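Peer 1: Dropping the sequence and predicted coords here.
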Amino acid sequence: MENAQRERDAQSQDSMGSHHHLPTHEVVLLLETDLAKGLSSEEAARRLERFGPNILPKFRRHGPLLRFLFQFHHPLIYVLLAATVVTAFLGEWVDASVIFGVVFVNAVMGFIQESRAEAALDALASMMKTEARVRRDGQTVRVPSEDLVPGEVVLLESGDKVPADLRLAKVRELRVDESALTGESVPVEKADLVLPPETVVADRKNMAFSGSLVTYGQGVGVAVGTGVATELGRIHQLMGETTQLATPLTKKLASFSTGLTVAILGMAALTFALGLWRGRPATEVFMAAVALAVSAIPEGLPAAVTITLAIGVGRMARRHAIIRKLPAVETLGSTTVICSDKTGTLTKNEMTVQAISAGDWVFDVDGAGYEPVGEIRERSAESQGLSAEASLEGSVSRSDSPAPATPHVALPPALRELLAAGALCNDAQHLERDGRWTIVGDPTEGALLVVAKKAGIDLNRLHEQFPRVEAIPFESERQFMATLHRVKSGGDSVLYLKGAVEKAIRLCRRMCVADGTEQVLDAQAVLSQVDAFAGRGLRVLALARKAFPADTATVTECDVEDGLTFLGLQAMMDPPRPEAVAAVRACQQAGIAVKMITGDHALTARAIAQQIGLDGRKHHENGALIAMTGQELAAIPQAELAEVADRTAVFARVSPEQKLRLVEALQSRRHVVAMTGDGVNDAPALKQADIGVAMGRGGTEVAKEAADMVLTDDNFASIEAAVEEGRCVFDNLTKFIVWTLPTNGGEGLVLLTAIAFGTALPVLPVQILWINMTTAVALGLMLAFEPTEPGIMMRPPRDPGQPILTGVLIERIVLVSFLVLAGAYGVFLWELDRTESILPARTAAVNVIVMAELFYLFNCRSLELTMFHVGLFSNPWIWRGVTVMTVLQLLLTYVPAMNRLFHTAPIDGFAWGLVLAAAVTVYVVVEVETWLRLQWKRRMRSAASTRRSAYDHRNDA
Ligand code: ATP
């Protein structure tokens, strides 16, 4: 009932249809809302109940039945189905039903596993909830996008994803990328117009459609459609969606399986022809051919790959890295360069102003964190200390300059105005919650509020006396923010600007000196002060002011191009994240170069890079870390860029376009590049990078859309963790393949030998199916749960072009295949001779193969280390699998029904002794082989390091 009502409401929402031909006030009336105040919380809740959440229904291209049937759509399954039919045709009903049963169970397992993997990926997608800024109860608040209702007043700014269909009521240079909707990749400029009713969707300039991305500017709009009643909802209904489970690796493996199947079919046909030619009965020959075909196909492989990838994705999510595109899981393991932002990723993004330069005075500020307690002291004259306590009763008054906001008389006028400017040109809030001071908004701005409070400025009073009229918001490429304020006490309005020093200083002609008077700007002196601050790793902001006529209502970028008065500098500390220091070191050990690409000043960036340990031999020149600015980068010819990019550790004042150039340059040197980004303009670089990494907290929706991976904690250490997990995923896949192929190889060899020698088959097709299916699920899949190996980050990155199986691994697969052959065939012949009965002899042979696989599973837990290095109990899943498999084998051997179905028979203690001896031999031989290889590798490594130190020694000398 409720759903039906909702559907009707959604339809009525739909039929309210287009709003582009109505003036804004009519839309507001129609939707019973208020542009200034928004909806009330109660009304929003009522409408949410009525219209339902603002989401699109999950929509799959195929229903469960079809997805189940797809499990049979596989060349090797065709082979098995054909075998079923022919076996039935030959009257072998039990065998036919067992083969079909196994195929069916396999399809069920495949279906369940695939659904689970898809569900896990879907769950990840829903972890990436977006939020929207709306007006409710007269306040601007952030709400989950899915709670948006028709009538909601939504605020947009660059980087946002439009959360619903909006009729725009106010725009400021608003540009929206509607490519998701219209395919048009050039952003559309929006305007608050009334359009003719027949205007088509692509031309509705007064609407912003759900799912499109704001690339520039700001806007306010009224939600006129949510959920399915949006343009996106309509398209979504048409297209549907599927979770993509394919990656380059799965595709490679799929074609490998197909090739293998063809080869096997050829061999099976040959066996069949050979048998008939030798005059053996058709049924027997056919069964041998089927056995061969069944034995050599690694049935578990596709499922194992999907599951291993899905488990890897889950583990990465737990370590704060959400994978948006599955191939990234593989690529992460091959990453050779990580280009990271500085602020917030390598540093804590907890800013504290530590030094101030106002007029020709320099002040130090005490205190760390956001608590507004600390002294501001003039550096050279301690006696002039200005304590927060001394100026708590600060007042704001005007002096002779245009409209300085001045607090307490004890503060020098230049310092007073500098602090007030920082607090006014500011969108952050400084709040005390549960006894703790926090910042809502940009921490850079938060720090300016804290220091103003430390000087005793009453922020509420300040805002009352200097109400804001207009603002030019901060954008990365603009590098400044400006706000225009009316002066309550009369006189000119004043504009305050804050931003990167190089930018701000270009706009100023004059500067404010200590007593508040003005003189011609001494840019050189300012810049050397900046260098002094930045050399300490401080982030420096410049502040400036400009007077405007009292009635000025708007300002644009053109109005601040010239004629500003420089007020001073505020320099803040942003300490490195301790975990980033460790993560950078781990990356370097893993052969991954870490580069800092930041919008900040070069000296600040270099100082922080040095604190973080972002060096490495080749990144040094004359003992100093190589740092380069965007300007220097622009001057480098394209041909040399790759070499320079490779050599440089720090790139400062870099524009988003340069980020793209850097990624391309590094890729041209065959690097696999991970690149972080958070702004709208970072999207091209994120897309170009092999792994685009967006920030979950501080990043824009545009950046997240473009990224392959999103960090939920914005922390560099999470990238390192994801790389580690990526390497682990690849390791575990390789382990599965190295484990599974000898089963097929061993079985194939056993059958070929039997056929060649003309003996009875030691294992039958149904038994082979049993072995392949049960061991893959109960044993092999447990390798997907292997934790990362010790020393995984001490290896160099994997070359993406490198085949999965290296020479060493192929050798191992061949070795184990022959060990399985020797064990199974030997035990079969022995038992045949001893018991003179084929059934127990076959049962023993089956048990040899299974037990050999079981013991060999422990060998495969690491491809390079022995079990003693890995730890016997570090993966509990292995033990669960071993228990299940043992129980299954006992059932197969001793339960009469199973005996009938699988042509097995109980075996005695002696036979078990042989079985275990054969299995343990496999384990011991492989373990010894691994140990010998390890010793050899160590010897090679120590020889290499001796050679290297001799070389260094010679060079130093
Ligand atoms: P990163 O690129 O490592 O995150 P960043 O935060 O310094 O570093 P941007 O956000 O591009 O990079 O900022 C560039 C410069 O703009 C900063 O160094 C600073 O001088 C200035 N800036 C940053 N935030 C603001 C702000 N809210 N208002 C004014 N200027 C700012």
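Peer 2: Cool, got the structure.

Peer 1: Ignoring the adjacent residues along the chain, who's closest to the residue in the stretch 151-300 of the chain that the ligand sits nearest to?
Peer 2: Relative to the ligand, the nearest point of the stretch 151-300 of the chain is Gly159 (11.8 Å; Cβ to the nearest ligand atom). Backbone N, C-alpha and C define where each C-beta goes, glycine included. What sits nearest to Gly159 in space, not counting adjacent residues and going by Cβ to Cβ, 6 or more residues apart in numbering, is Thr700, at 2.6 Å.

Peer 1: Could you report the neighbour count for that neighbour?
Peer 2: Using other Cβ atoms under 10 Å, the number of residues around Thr700 comes to 25.

Peer 1: okay, now Pro302: neighbour count?
Peer 2: Other residues close to Pro302 by other Cβ under 10 Å number 19.

Peer 1: Let me see the contact set for it.
Peer 2: His74, Gly110, Thr250, Leu253, Ala254, Ser257 (Cβ atoms under 8 Å, 6 or more residues apart in numbering).

Peer 1: Take those residues and write them to a markdown table, including neighbour count, pLDDT and secondary structure.
Peer 2: Output for the contacts of Pro302, formatted as a markdown table (neighbours: other Cβ atoms under 10 Å; pLDDT from 0 to 100; DSSP: H, G, I helix; E, B strand; the rest coil):
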| residue | neighbour count | pLDDT | secondary structure |
| --- | --- | --- | --- |
| His74 | 22 | 73 | coil |
| Gly110 | 22 | 77 | helix |
| Thr250 | 19 | 69 | helix |
| Leu253 | 19 | 73 | helix |
| Ala254 | 16 | 71 | helix |
| Ser257 | 18 | 72 | helix |
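
Peer 1: on that earlier part again, give me every residue that touches the residue nearest to Gly159.
Peer 2: Ser158, Gly159, Asp160, Asp678, Gly679, Val680 are the contacts of Thr700 under Cβ under 8 Å, 6+ apart.

Peer 1: just the CA coordinates of stretch 731-748, formatted as PDB?
Peer 2: Extracted in PDB, the C-alpha atoms of stretch 731-748 (Å, rounded to 0.1, in the frame of the first residue of the first chain):
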ATOM      1  CA  ASP A 731      50.400 -13.300  -4.700                       C
ATOM      2  CA  ASN A 732      47.300 -15.200  -3.600                       C
ATOM      3  CA  LEU A 733      46.100 -15.600  -7.100                       C
ATOM      4  CA  THR A 734      49.500 -16.900  -8.200                       C
ATOM      5  CA  LYS A 735      49.400 -19.200  -5.200                       C
ATOM      6  CA  PHE A 736      46.100 -20.600  -6.200                       C
ATOM      7  CA  ILE A 737      47.300 -21.200  -9.800                       C
ATOM      8  CA  VAL A 738      50.500 -22.800  -8.700                       C
ATOM      9  CA  TRP A 739      48.500 -25.000  -6.300                       C
ATOM     10  CA  THR A 740      45.700 -25.900  -8.700                       C
ATOM     11  CA  LEU A 741      47.700 -26.700 -11.900                       C
ATOM     12  CA  PRO A 742      49.600 -29.700 -10.500                       C
ATOM     13  CA  THR A 743      46.300 -31.300  -9.700                       C
ATOM     14  CA  ASN A 744      45.400 -31.200 -13.300                       C
ATOM     15  CA  GLY A 745      48.900 -31.900 -14.400                       C
ATOM     16  CA  GLY A 746      49.200 -34.900 -12.100                       C
ATOM     17  CA  GLU A 747      45.800 -36.300 -13.100                       C
ATOM     18  CA  GLY A 748      46.500 -35.900 -16.800                       C
END
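
Peer 1: can you give me the offset of that stretch from its chain's centre?
Peer 2: Offset of stretch 731-748 from its chain centre (Cα atoms, centre = their mean, to the nearest Å): 30 Å.

Peer 1: What average pLDDT does it get?
Peer 2: If you average the pLDDT over stretch 731-748, you get 89.

Peer 1: Please tell me how far the residue nearest to Gly159 sits from the ligand.
Peer 2: Counting by Cβ to the nearest ligand atom, to the nearest Å, the gap from Thr700 to the ligand is 12 Å.
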